[in-house]
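A.B. asks: No letters, just coordinates:
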């Protein structure tokens, strides 16, 4: 199968996408032939491929401690979002440069294919077809499904009123009357970064504590991102507003006294829960924006799962003791973000609490006939797809993440350092190439660290640890990498083992339960007898991720776990590690997933620039839904489905299209087709 509608291999960028709580990366390729005239106006074409090595630099590490008890997989990353490539794509800009040195295809020859990580089988026998996934970010819409099973939507921007707020409002003058029009103009310019190193001074004529409090509150609620302090000059009181993002302002903040606690009614829940709607922005990026405007640390926010950047996503967020009023004011100055559906509760949100995600996916310019589409989608609805860990879990470079995980489990710390820091072929940023070369030449962590402009990437954190604790104390040095990032490596190794063994299980026994398979009774695994296997569907069967507290199938595929780990120098009976964090309890994961709420339609359209999905924000703005031309020259498949946590939407799409999702394979296919 080849991917149609692609042209020359110009400058490629990598873009991340989170599906069912996980990231993917897409290679951007320009449109071909009939789309060339529109290249300056439409977004680049995207082909699904695997993500880059997870080494970005998040502002804060997510706190999600994995249980040491065997469990049903509810969060395959066990906390921690993969790191995003630092290079940002300019939205809607077609790239036309050429790669320096090796072509992109040459660089990707060092990458992984699905074969390398055990993704081998399909469950259906329909014929695959080509299409373009994520031509526009609006072609991929994700709505979180909360723990009550409700699809989270943004449909209300009003502020909830409680008794205390009503009483307070009756006693105090309206905040909007406190500030003059000229003061509002100056504050608005300050808020929008027009003079962020400056400040706005407001003299308090009728100086009372109550009057000053009202001015402080009016500025902070109406102009998020601004902070205030009281100053006295020549016997006159002034309230000075400044921007928290300004360097001078930040210096003042550090020396200023801590702000007084804001009044919080006793009968109001401590956490404001709200719905976050975002376009083309990563969850942590969005939270960092909210944090900056509200002058909070990002860890004051909690959520049930991270969501994709290149998509439209809707999810629930909670924040400690910030009013809905302050949050609602943000809508005036946020770009590609909206907040709403406010309510107060007594608890935060926790990673993994969600029931899943609902996807609306548009695959444009499909080549399949209506009959092929019907067969593929009917199979997805009735049978489902193999619940593989997607390619984005294993990295794109010549050193896959599972190799580092294997070295950690083997307690071979010199190899861990070597794998992370050694020079490697393939696509790398120039500063990383220089850093690796310096390390290879000198083995001097401080010298190598100087080659990195950003010290918070994985390489930088490891080098900083080595410079602090020395090369004879690698375990401690490695500990400077955030915990979730460290665990990512060993979970990646578990994932390869699971993928490989599930492919063997499907090869050996097909889509029926057999004696020796495992099912879950509660959280405990049970080995099936021949009689039990006759009455159970394949969708009940689970396979274990290797660990010290799981059992394995008793048929010959189950015995293959021991052989596979032994070939990697590991003992299946000794999965406890000297470092407690790296001890693997194991987990159970269903081998087949059948999506719920599956629906689809083939739509025709003429303009590739138009959105084919009616978003929550468009509905709030009363904008009309897209209208499709039945005689349109382009065809697209629009599908909807819901998936539980820990599952990869790309694996569902792979089953529909019969598409290898690896970056290496996609590049080869497109290069071959172009030649």
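C.D. replies: Perfect, thanks for sending it. These figures come from a predicted structure and were not determined experimentally.
A.B. asks: Next one: residue 650 from residue 114, what distance?
C.D. replies: 11 Å (CB to CB, to the nearest Å). Backbone N, C-alpha and C define where each C-beta goes, glycine included.
A.B. asks: Pull up the overlap in contacts between those two.
C.D. replies: Residues touching both residue 650 and residue 114 (CB atoms under 8 Å, 6 or more residues apart in numbering): 391, 661.
A.B. asks: And residue 227, how far from residue 326?
C.D. replies: For residue 227, the distance to residue 326 - CB to CB - is 13 Å.
A.B. asks: ugh, typo on my part, it should be residue 529
C.D. replies: Applying CB to CB to residue 529 and residue 326 gives a distance of 60 Å.
A.B. asks: higher neighbour count, these two?
C.D. replies: residue 326 (19 against 10; other CB atoms under 10 Å).
A.B. asks: Regarding the more buried one, what are the backbone dihedral angles?
C.D. replies: phi -60, psi -40 (degrees, to the nearest 10).
A.B. asks: Give the buried residues for the biggest helix by length in the chain.
C.D. replies: Criterion DSSP state H: the longest helix present in the chain is helix 483-509. Counting neighbours by 16 or more other CB atoms under 10 Å, one finds that the buried residues in helix 483-509 are 483-506, 509.
A.B. asks: Next: stretch 426-438.
C.D. replies: 426, 427, 428, 432, 435, 436, 438.
A.B. asks: Can you tell me which of those residues comes closest to residue 547?
C.D. replies: Within the buried residues of stretch 426-438, proximity to residue 547 (CB to CB) peaks at residue 426, which comes in at 31.8 Å.
A.B. asks: what's the distance between the closest one and residue 111?
C.D. replies: Taking CB to CB, one finds residue 426 at 7 Å from residue 111.
A.B. asks: same check, this time on residue 653
C.D. replies: For residue 653 relative to residue 111 (CB to CB), the value is 20 Å.
A.B. asks: Residue 382 now?
C.D. replies: The value you get for residue 382 to residue 111, if CB to CB is used, is 34 Å.
A.B. asks: neighbour count winner among the two?
C.D. replies: residue 111 (24 against 10).
A.B. asks: same question for the helix or strand hosting residue 218, mean pLDDT?
C.D. replies: Residue 218 belongs to helix 209-222 when assigned by DSSP states H and E. On average, the pLDDT along helix 209-222 is 80.
A.B. asks: For that helix, which outside residues touch it?
C.D. replies: With CB under 8 Å, 6+ apart as the criterion, helix 209-222 contacts 172-173, 175-176, 178-179, 184, 187, 202, 204, 226-228, 230, 237, 239, 241, 323, 325-326, 329.
A.B. asks: quick one: buried residues of it?
C.D. replies: 211, 212, 214, 215, 216, 217, 218, 219, 220, 222.
A.B. asks: ok, how many other residues are close to the nearest residue to residue 597 once chain neighbours are set aside?
C.D. replies: In this structure, residue 597 finds its nearest non-sequential neighbour in residue 642, 4.6 Å apart by CB to CB, 6 or more residues apart in numbering. A count of neighbours around residue 642, defined by other CB under 10 Å, yields 18.
A.B. asks: So residue 642 sits against residue 142, correct?
C.D. replies: No: between residue 642 and residue 142 there is no contact under CB atoms under 8 Å: 10.5 Å.
A.B. asks: what's the overlap in contacts for those two?
C.D. replies: Contacts common to residue 642 and residue 142, judged by CB under 8 Å, 6+ apart, are 357, 358, 359.
A.B. asks: By neighbour count, which of those wins?
C.D. replies: residue 357 (28 neighbours).
A.B. asks: of the buried residues of helix 209-222, closest to residue 524?
C.D. replies: Closest to residue 524, out of all of the buried residues of helix 209-222 and judged by CB to CB, is residue 220, at 52.6 Å.
A.B. asks: That closest one and residue 239, how far apart?
C.D. replies: Counting by CB to CB - residue 220 and residue 239 are separated by 11 Å.
A.B. asks: overlap in contacts of these two?
C.D. replies: Contacts common to residue 220 and residue 239, judged by CB under 8 Å, 6+ apart, are residue 228.
A.B. asks: per-residue confidence for residue 115?
C.D. replies: So, for residue 115, pLDDT stands at 88.
A.B. asks: Can you tell me the SS state at it?
C.D. replies: State at residue 115, reduced to three classes by DSSP: H, G, I helix; E, B strand; the rest coil: helix.
A.B. asks: Just give the number of residues close to it.
C.D. replies: Neighbour tally, residue 115, other CB under 10 Å: 13.
A.B. asks: Residue 532 too?
C.D. replies: Count around residue 532 with other CB under 10 Å applied: 14.
A.B. asks: Is it located within a helix, as I assumed?
C.D. replies: Yes: counting by three-state DSSP, residue 532 is part of a helix.
A.B. asks: tell me the contacts of the closest residue to residue 361 other than its chain neighbours?
C.D. replies: In space, and not counting its chain neighbours, residue 361 is closest to residue 639: 5.3 Å by CB to CB, 6+ apart. Contacts were defined as CB under 8 Å, 6+ apart; by that measure residue 639 touches 359, 360, 361, 363, 377, 598, 599, 600, 656.
A.B. asks: Could you report the pLDDT at the fifth one?
C.D. replies: Note on residue 377: pLDDT of 96.
A.B. asks: Now do stretch 417-435: distance from first to last residue.
C.D. replies: This stretch, stretch 417-435, spans 13 Å end to end (CA to CA, to the nearest Å).
A.B. asks: State the separation between that stretch and the centre of the chain it belongs to.
C.D. replies: Relative to its parent chain, stretch 417-435 has a centroid offset of 24 Å by CA atoms, centre = their mean, to the nearest Å.
A.B. asks: what's the answer for stretch 287-304, then?
C.D. replies: The answer for stretch 287-304 is 16 Å, by CA atoms, centre = their mean.
A.B. asks: So what touches it?
C.D. replies: 59-60, 63, 144, 146-147, 224-225, 227, 244-245, 271, 281, 283-284, 315-320, 322, 326-327, 330, 333-334, 337, 339, 348-354.
A.B. asks: repeat that with 7 Å
C.D. replies: Residues from elsewhere that reach stretch 287-304, judged by CB atoms under 7 Å, 6 or more residues apart in numbering: 59-60, 144, 224-225, 227, 244-245, 283, 315-320, 322, 326, 330, 337, 348-354.
A.B. asks: low-scoring pLDDT stretches of the stretch 551-675 of the chain, where are they?
C.D. replies: 663-675 (pLDDT under 70).
A.B. asks: can you map out the helices along it?
C.D. replies: 556-567, 616-620, 649-657, 663-674 (DSSP state H, counting those that start in this stretch).
A.B. asks: now for the helix or strand that contains residue 406, which elements pack on it?
C.D. replies: Assigned by DSSP H and E, residue 406 belongs to helix 401-409. Secondary-structure packing of helix 401-409 (3 or more CB pairs under 7 Å, 6 or more residues apart in numbering; DSSP states H and E): helix 413-421, helix 483-509.
A.B. asks: could I get those as a markdown table with distance to residue 344?
C.D. replies: Listed next are these as a markdown table, based on distance: least, CB to CB, whole Å:
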| stretch | distance to residue 344 |
| --- | --- |
| helix 413-421 | 45 |
| helix 483-509 | 29 |
